[in-house]
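Visitor: no FASTA, just this:
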């Protein structure tokens, strides 16, 4: 039996395009994603990395699906801990749903059955990441 997906949601008073930019721009991710900069050409099958200020990869993966500015699906490897880096990659889905005067951002992290250390780490990390993302976008 598979473990349930980790699902985190936040409403953001903004547009899908602005939220997409916050997810895919290194200048934005540095502000809310533990100081890391996202790096990718954001094409299907391309590599995606979140790099520390020293250039070390903290997380990486491959773009599995991309539909700007609505949906981004990547594989995920947590690299900030050597033990986590050895676990089977999981999957992260970013979905932006437009509402009347705001958007719903849903981040789903699943396929974590073979990555228990990653599951424990990201279950604590994602809520703060998406709350800081919301605060940054709304303040812009």
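Guide: Good, I have the coordinates. These numbers were taken from a predicted model, which means no experiment stands behind them.

Visitor: So what's the residue count around residue 56?
Guide: Counted by other C-beta atoms under 10 Å, the residues lying close to residue 56 total 12. C-beta: built from backbone N, CA, C; applies to glycine.

Visitor: could you list every residue that touches it?
Guide: residue 79 (C-beta atoms under 8 Å, 6 or more residues apart in numbering).

Visitor: With the one 10 residues further on instead?
Guide: Each residue near residue 66 by C-beta under 8 Å, 6+ apart is listed here: 42-44, 72-73.

Visitor: tell me which element it falls in.
Guide: For residue 66, the host element (DSSP states H and E) is strand 57-67.

Visitor: what is the rounded mean pLDDT of that strand?
Guide: Strand 57-67 shows a mean pLDDT of 98.

Visitor: ok, and for it, which residues are buried?
Guide: Residues of strand 57-67 classed as buried: 57-63, 66 (neighbour count, 16 or more other C-beta atoms under 10 Å).

Visitor: same check, this time on stretch 87-97
Guide: Using 16+ other C-beta under 10 Å as the test for burial, stretch 87-97 gives 87, 89-96.

Visitor: which among the contacts of residue 66 gets closest to residue 5?
Guide: Residue 5 lies nearest to residue 73 out of these, by C-beta to C-beta, at 12.5 Å.

Visitor: give the contact list for that closest one.
Guide: Neighbours of residue 73 in contact, by C-beta under 8 Å, 6+ apart: 63-66, 91-94.

Visitor: again, but for residue 20
Guide: By C-beta under 8 Å, 6+ apart, residue 20 lies in contact with 68-70, 96.

Visitor: Apart from its chain neighbours, what residue comes closest to residue 78?
Guide: Spatially, and ignoring its direct neighbours in sequence, residue 78 is nearest to residue 84 (3.9 Å; C-beta to C-beta, 6 or more residues apart in numbering).
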